[in-house]
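Participant: sharing a model that was predicted from the sequence below.
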Amino acid sequence: MKRIMAVAAAALFTFFLLPPQRAAAATDTLPSGISFSSVSEKINEAAADSTEAAFAVSVFSEDGVISEDYFGDIDKENSIRADEDSVFEWGDVSKALIFVSAMQLKEKGLLDLDTDVTEYIPKDFFKHLSYKEPITMRHLMNHQSGYCENTYSFKVDSAEKLGTLAKALSDTEPAQIYKPGEVTAYSNWGASVAAYVVECIAKEPYSDYVRENILKPLSMEHTSLLPGQTDNEWVKEARAKSVSYAMSQDSEGNIAPRSIGSRYSYNSLYPSGAVTGTLSDFARFGAALVSKDSVLFENNETLSELLSGSFFYGESDIPAVCHGFWPEEWGYSVRTIGHDGSSDFGVSKLIIDPVSKTGAVMLSNHADGCSAFQKFAKVLFGEGKNASFVSEHEVPGAENISGKYLTARTIGRGLLRFSSFSASADITAFTNGRYGVPGYFEMSYAGDGLYIVSQGDYIYPASVETSENGSRVIHVSSSDFVANPSGSVNTIILWIYVMLGLTSVVIVVVKIIMQLLKKFKTYEGSGIIMISELAMFFSMLAAVVSVNFYRTQYGLTKVQGTLFSLVHMGCFVAAVLSVLSSIFAIRNLTDDDSSLKMRYIVNIAMNGFFGFAVVFLQLFMFWGC
């Protein structure tokens, strides 16, 4: 139905909202208008005031590399300049190899993008499904499998501890909380499942398949696929010379790069982010995506399909995702397609214009981002839309979308579910008829379910739809916002839980002091009551520590998750026993014991709510997440 309506409205809608269709560039110029011969000069001008330790950029067209420029030091302390022998990490751009691999198998008739992936992998592979609807390769490429973020870490301490991809996926499977195809939530786990599908169809390890079918045809000899670069000795040696940096302020207030070490990362879901290599190799891969005779595919129709929309905003023809690649509709003078990446070591960017058949790849050893990347992109692809574009295309008729929302890319089940409560957004109606979060972004209605989002100077599309269960979903690039009407209640319960933990420890300290001063009189059940008060504090402390472990380790270990849940279970039992003790004690009181009766009532209320909070927040649940 969506495609029928889109085609019916195409002429009018495209004229007003989409950039005009362009013929492939016949001259040696980039979309921004600069000539190929001046690219390096313009890149150097844009990099002049950048202070990152090292970064590199290569620009290419369908005929090959146009320019390749290196800036800064790969190791400032030892004055090692970044050059053609320097290696950087692709981070999330590694997923591009998954998507290309999938399309290669589709081209050979070995994979159907809309078939249940359990036709290719073991039938019982998924353990935490919540919906009967099948998960397809298209869902995985679109990050719409319905899975939330991982509770358990997919990182290990060394390359020796890395197991098979199948085991890593099984050990870290999160919960499926959305129906497949309804909500976009960027997922390293889901993308790695797509790589596992490739592995099962090819009947060989994913890394071996990619090496034979992508790296070798493109002569990418200086690229590694595995964590620790164990599959390429040359890259391993080059990586040992690389240092990661982050911006830091010194005692005099100056901002400058600060070494944060080698920053090796051993990701058991390696297809989603472990590629390491030279800029030249990265450029070979990027150029193959705009080549008129790409060696990646037997025919260019497959490449065109890869870079075409696989999910769209509302009823428009504006793609929200292109088989795993992310479109940039209004950020530049033309629609671009690409992928950004980050790792513990640094950042990366792949960006192409399929129409002019030009593009660029960028790499840096800065773990906290590289400001030069956006400057380079605008030099190459021109300036994007501005505020006047918004006012020109804004139309009346927007539905009321105000309310509380939760970002889809969050933990949706288990002992860390409560950490998602801070990822909410309260979208309100503005006096000018727009919607958004004050001080953050505004959404202007453009018709047919499409919105134009203004976030500072950055303008991008969004759409609003209603899922089958009646929940409103705001589609925004790689992570949607899902209506969360109980958001305020969730937050209130969490804060009362925290306050109970803090209050209880104060009460215990006061009681201990009174006991030391011999001013505290014991009474029936006073012992279990004090234990339950300590339990409330230790449960809250366990929750805080578990979140800290999650953030520093990129997830919990299975042992940690089990222990934290056992702590919460033990505290819950203490609360139940305390409530029961107080109930029985009240039955034995006389009418003259009103003050003691009030103590018991307060204890029942505190521990009763605490026990409810432990269950509601799912603090006991270390499984299925």
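Facilitator: Thanks, I have the structure now. Numbers count the residues shown, from 1 in each chain.
Participant: can you give me the helices in the stretch 351-500 of the chain?
Facilitator: 372-381, 387-393, 487-516 (DSSP state H, counting those that start in this stretch).
Participant: can I get those in a markdown table including distance to residue 156 and mean pLDDT?
Facilitator: Every residue, glycine included, has its C-beta placed from N, CA and C. Output for those, formatted as a markdown table (distance: least, C-beta to C-beta, whole Å; pLDDT from 0 to 100):
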| stretch | distance to residue 156 | mean pLDDT |
| --- | --- | --- |
| helix 372-381 | 30 | 95 |
| helix 387-393 | 47 | 88 |
| helix 487-516 | 31 | 93 |
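Participant: mind checking which of the ones you listed is nearest residue 321?
Facilitator: Counting by C-beta to C-beta, residue 321 lies closest to helix 372-381 out of the helices of the stretch 351-500 of the chain; the figure is 19.0 Å.
Participant: tell me what that closest one is packed against?
Facilitator: Helix 372-381 is packed against helix 39-47, strand 54-61, strand 347-353, strand 358-364, with contacts defined by 3 or more C-beta pairs under 8 Å, 6 or more residues apart in numbering; DSSP states H and E.
Participant: can you do 6 Å?
Facilitator: Helices and strands touching helix 372-381, by 3 or more C-beta pairs under 6 Å, 6 or more residues apart in numbering; DSSP states H and E, are helix 39-47.
Participant: just the CA atoms of the helix it packs on, as PDB, please.
Facilitator: Presented in PDB, the C-alpha positions along helix 39-47 are these (Å, rounded to 0.1, in the frame of the first residue of the first chain):
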ATOM      1  CA  VAL A  39      40.300  18.700  -4.100                       C
ATOM      2  CA  SER A  40      43.600  18.200  -2.200                       C
ATOM      3  CA  GLU A  41      44.100  22.000  -1.900                       C
ATOM      4  CA  LYS A  42      40.500  22.500  -0.500                       C
ATOM      5  CA  ILE A  43      40.900  19.600   1.900                       C
ATOM      6  CA  ASN A  44      44.100  21.100   3.300                       C
ATOM      7  CA  GLU A  45      42.400  24.400   3.700                       C
ATOM      8  CA  ALA A  46      39.600  22.800   5.600                       C
ATOM      9  CA  ALA A  47      42.100  20.900   7.800                       C
END
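Participant: who are the packing partners of the longest strand along the chain?
Facilitator: In the chain, assigned by DSSP state E, the strand with the most residues is strand 64-75. Under the contact definition 3+ C-beta pairs under 6 Å, 6+ apart, strand 64-75 sits against helix 39-47, strand 54-61.
Participant: can the ones you listed go into a markdown table with extra columns for mean neighbour count, distance to residue 207 and mean pLDDT?
Facilitator: Output for the helices and strands packed on strand 64-75, formatted as a markdown table (neighbours: other C-beta atoms under 10 Å; distance: least, C-beta to C-beta, whole Å; pLDDT from 0 to 100):
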| stretch | mean neighbour count | distance to residue 207 | mean pLDDT |
| --- | --- | --- | --- |
| helix 39-47 | 17 | 33 | 95 |
| strand 54-61 | 26 | 24 | 97 |
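Participant: make JSON lines from these and add distance to residue 221 to it.
Facilitator: Listed next are these as JSON lines, based on distance: least, C-beta to C-beta, whole Å:
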{"stretch": "helix 39-47", "distance to residue 221": "25"}
{"stretch": "strand 54-61", "distance to residue 221": "16"}
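Participant: tell me the pLDDT of residue 621.
Facilitator: Per-residue pLDDT puts residue 621 at 96.
Participant: what is the burial count for it?
Facilitator: Neighbour count for residue 621, taken as other C-beta atoms under 10 Å: 20.
Participant: ok, residue 548 next?
Facilitator: Neighbours of residue 548 (other C-beta under 10 Å): 10.
Participant: got the buried residues for the helix or strand harbouring it?
Facilitator: Using DSSP states H and E, residue 548 sits in helix 526-553. By neighbour count with 16 or more other C-beta atoms under 10 Å, helix 526-553 contains the buried residues 526, 528-540, 542-543, 546-547, 549-550.
Participant: repeat that for stretch 291-308.
Facilitator: Neighbour counts over stretch 291-308 (16+ other C-beta under 10 Å) mark 291, 294, 296-297, 302-303, 305-307 as buried.
Participant: turn those residues into JSON lines, columns for secondary structure and pLDDT.
Facilitator: What follows is the buried residues of stretch 291-308, written out as JSON lines (DSSP: H, G, I helix; E, B strand; the rest coil; pLDDT from 0 to 100):
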{"residue": "291", "secondary structure": "coil", "pLDDT": "94"}
{"residue": "294", "secondary structure": "coil", "pLDDT": "92"}
{"residue": "296", "secondary structure": "coil", "pLDDT": "97"}
{"residue": "297", "secondary structure": "coil", "pLDDT": "97"}
{"residue": "302", "secondary structure": "helix", "pLDDT": "97"}
{"residue": "303", "secondary structure": "helix", "pLDDT": "97"}
{"residue": "305", "secondary structure": "helix", "pLDDT": "97"}
{"residue": "306", "secondary structure": "helix", "pLDDT": "98"}
{"residue": "307", "secondary structure": "coil", "pLDDT": "97"}
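Participant: identify the farthest-apart pair in those.
Facilitator: Spanning the widest gap among the buried residues of stretch 291-308 are 291 and 305, at 15.2 Å by C-beta to C-beta.
Participant: tell me how far residue 75 lies from residue 245.
Facilitator: According to C-beta to C-beta, to the nearest Å, residue 75 and residue 245 sit 10 Å apart.
Participant: so which of the two has more stuff around it?
Facilitator: residue 245 (27 against 19).
Participant: burial of residue 449, as a residue count?
Facilitator: Look at residue 449: counted by other C-beta under 10 Å, it has 19 neighbours.
Participant: ok, it - contacts?
Facilitator: Residues in contact with residue 449 (C-beta atoms under 6 Å, 6 or more residues apart in numbering) are 314-315, 463-464.
Participant: which two in the residues you listed are spaced the farthest apart?
Facilitator: That would be 315 and 464, which, of the contacts of residue 449, are the farthest apart (C-beta to C-beta) at 11.3 Å.
Participant: picking that back up, what is the helix holding residue 548 packed up against?
Facilitator: Other helices and strands packing on helix 526-553, by 3+ C-beta pairs under 6 Å, 6+ apart, are helix 487-516, helix 558-587, helix 594-616.
Participant: reformat the ones you listed as CSV; add distance to residue 138.
Facilitator: Below are the helices and strands packed on helix 526-553 laid out as CSV (distance: least, C-beta to C-beta, whole Å):
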stretch, distance to residue 138
helix 487-516, 31
helix 558-587, 32
helix 594-616, 36
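Participant: can you redo the ones you listed as a markdown table, where the extra columns are mean neighbour count and distance to residue 44?
Facilitator: Formatted as a markdown table, the helices and strands packed on helix 526-553 follow (neighbours: other C-beta atoms under 10 Å; distance: least, C-beta to C-beta, whole Å):
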| stretch | mean neighbour count | distance to residue 44 |
| --- | --- | --- |
| helix 487-516 | 15 | 49 |
| helix 558-587 | 19 | 48 |
| helix 594-616 | 17 | 57 |
